[in-house]
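Chemist: how would this look folded up:
(one chain, ligands or ions: 3)
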Amino acid sequence: MGLIVQKYGGTSVGNAERIRKVAARLLATQRSGHNVVAVISAMAGVTDGLIKLAREMSAEPSEREMDALLATGEQSASALTAMAVNALGGKAVSLSGAAAGIVTDGVHTKAKISHISPRQINELLAEDYIVIVAGFQGQSPDGAITTLGRGGSDLTAIALAAALKADDCQIFTDVDGVFSCDPRVVPEASKIDEIAYDELLEMAGAGAKVMQSRAVEFAKKFGVGFEVRSSLKDASGTKARATPAHMEDVVVRGISLERNQAKVTICGVPDRPGCAGMIFTAISGANLSVDMIVQNASSTGTTDLSFTLPQDDFALAEKILRPLVTEVGASDLTAKTGVAKLSVVGIGMRSHAGVASRLFACLGEAGVNIQLISTSEIKIAVVIDEAEIERAAQATHAAFGLAQRRPVPPAASA
Ligand code: ADP
Ligand code: ASP
Ligand code: MG
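Modeler: Ligands and ions are numbered 1, 2, ... in the order given. Below is the predicted model:
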């Protein structure tokens with residue numbers, strides 16, 4: 001008998017019928033001889049709906065109150081799931097993140113888990129309860145409700161699996177696992193059976209929202225093995241591990257896309273020590289995170305410095321940077337919204353050449369213009385117009401031969 005943590009995402013608890021299905025799976029898991037801890041997300045659309053309501057109250061609602069509000073989505077879905085288990089004859093209790101012992105720092109809306117005291121969960125498990133924990137939330141040292149960033153129920157599940165030393169952690173979602181690309185964009189994308197933390201981390205960080213990247217980071221740090229699988233089927237999904245077999249044989253594992261980006265260029269930045277430091281200190285001071293920082297080689301004593309950030313953060317970034325342009329002696333700030341990132345990821349890139357040339361040639365043939373390029377050891381990312389992102393993803397997916405290998409039909413007998 002072991003302990004299993006199962007996490008169910010928003011679509012998986014999207015209506016009463018689906019919640020009943022989740023309850024039945026939790027009970028079946030318990031009846032097969034396991035202790036069960038479930039982590040439940042808000043019902044599909046609820047978090048977005050609450051954010052919209054908050055904006056109707058205030059253009060800039062306090063982050064503390066946003067957390068208090070958004071945490072209710074997970075709390076109600078957890079209580080409903082516990083009711084459904086009990087109605088099926090099982091024994092379940094729901095706990096808020098705070099009651100489950102999840103303690104975070106005090107950074108509202110993107111809090112970090114500092115520790116988990118699972119005493120109450122362990123006591124309830126010992127009494128044969130299915131313990132249902134509201135995902136995405138914790139409590140700061142001064143007792144305020146905090147949330148863990150969008151998609152944060154994944155992190156709740158991984159962190160609980162680590163704290164409880166669970167034997168398995170299953171992330172149930174609305175697709176069959178992690179695919180070579182978002183299957184809603186590339187229908188012929190293939191399901192990946194095993195993936196390395198590093199690959200999933202790069203894919204998630206580059207926009208594949210199937211797992212929250214912070215959750216994958218946590219799993220990697222604490223060696224939590226987990227499986228991403230469908231809540232609508234009874235089939236195995238994708239197992240995330242430190243080192244899957246034959247890892248380096250696969251050059252490109254997947255393609256990620258991230259929409260709603262803005263590209264900012266500070267032109268004519270003096271080529272002397274300290275300028276980049278001033279610019280990015282100001283940005284990080286406002287808690288903005290940027291990506292794809294690219295600086296041109298300087299031939300005239302000045303350089304252009306470009307980076308991307310989420311389009312929603314652009315207004316704040318511009319407010320901070322405009323005065324800095326003059327202060328550092330740069331000539332101008334230009335920006336382009338409506339851009340997207342396309343990233344090609346694979347650990348095999350460490351040992352195989354030619355990925356960049358194949359990607360750029362493929363985009364060229366598709367008539368897609370590349371606006372920025374950045375690379376890491378296992379990722380090549382480009383910025384392109386958002387209007388072209390789906391076409392570019394489909395062409396790239398085909399160019400790297402990632403499509404599902406359909407069974408070859410048997411040869412007709414003579
Ligand atoms: P949940 O509500 O279960 O947490 P999410 O909506 O956060 O689910 O994540 C699942 C979605 O992630 C899928 O519906 C799919 O459209 C999207 N997705 C993006 N990239 C990928 C990928 N590479 N593999 C699988 N799903 C992906
Ligand atoms: N409900 C939260 C969100 O929509 C957390 C989660 O679903 O994991 O981001
Ligand atoms: Mg999610």
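
Chemist: Flag every residue of the stretch 101-250 of the chain that's near ligand 1.
Modeler: 151, 173-175, 178-179, 181-184, 203, 208-210 (Cβ under 6 Å from any ligand atom). In short, each C-beta sits where N, CA and C put it, glycine included.

Chemist: Mind checking which of those are in helices?
Modeler: residue 203 (DSSP state H).

Chemist: Most neighbours of all the residues of the stretch 101-250 of the chain next to ligand 1, which one?
Modeler: residue 203 (31 neighbours; other Cβ atoms under 10 Å).

Chemist: residues touching it, list them.
Modeler: Listed by Cβ atoms under 8 Å, 6 or more residues apart in numbering, the contact set of residue 203 reads 178, 253-254, 256, 343, 345.

Chemist: what's the most distant pair in these?
Modeler: 178 and 343 (14.3 Å; Cβ to Cβ).

Chemist: Show the residue spans covered by the strands in the stretch 101-250 of the chain.
Modeler: 102-104, 113-116, 130-134, 137-139, 145-147, 168-173, 194-196, 226-230, 238-241 (DSSP state E, counting those that start in this stretch).

Chemist: quick one: which of these is nearest residue 318?
Modeler: strand 145-147 (26.6 Å).

Chemist: For residue 207, which non-adjacent residue is closest in space?
Modeler: Distance criterion Cβ to Cβ, 6 or more residues apart in numbering; nearest residue to residue 207, sequence neighbours excluded, is residue 258 at 2.9 Å.

Chemist: so where does the one you found fall, helix or strand?
Modeler: Assessed by DSSP states H and E, residue 258 sits inside strand 254-270.

Chemist: Can I get that strand as PDB, trimmed to CA atoms?
Modeler: Taking Å, rounded to 0.1, in the frame of the first residue of the first chain, the C-alpha atoms of strand 254-270 are listed here in PDB:
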ATOM      1  CA  GLY A 254       9.000  19.300 -28.600                       C
ATOM      2  CA  ILE A 255       7.900  22.700 -29.800                       C
ATOM      3  CA  SER A 256       6.400  25.400 -27.600                       C
ATOM      4  CA  LEU A 257       4.600  28.500 -28.400                       C
ATOM      5  CA  GLU A 258       3.800  31.600 -26.300                       C
ATOM      6  CA  ARG A 259       1.400  34.200 -27.500                       C
ATOM      7  CA  ASN A 260       0.700  37.800 -26.200                       C
ATOM      8  CA  GLN A 261       4.300  38.900 -26.100                       C
ATOM      9  CA  ALA A 262       5.800  42.300 -26.600                       C
ATOM     10  CA  LYS A 263       9.300  43.000 -28.000                       C
ATOM     11  CA  VAL A 264      11.100  46.100 -26.600                       C
ATOM     12  CA  THR A 265      14.200  47.600 -28.100                       C
ATOM     13  CA  ILE A 266      16.300  50.300 -26.500                       C
ATOM     14  CA  CYS A 267      18.200  51.900 -29.300                       C
ATOM     15  CA  GLY A 268      21.600  53.600 -29.200                       C
ATOM     16  CA  VAL A 269      22.600  52.500 -25.700                       C
ATOM     17  CA  PRO A 270      26.100  53.700 -24.900                       C
END
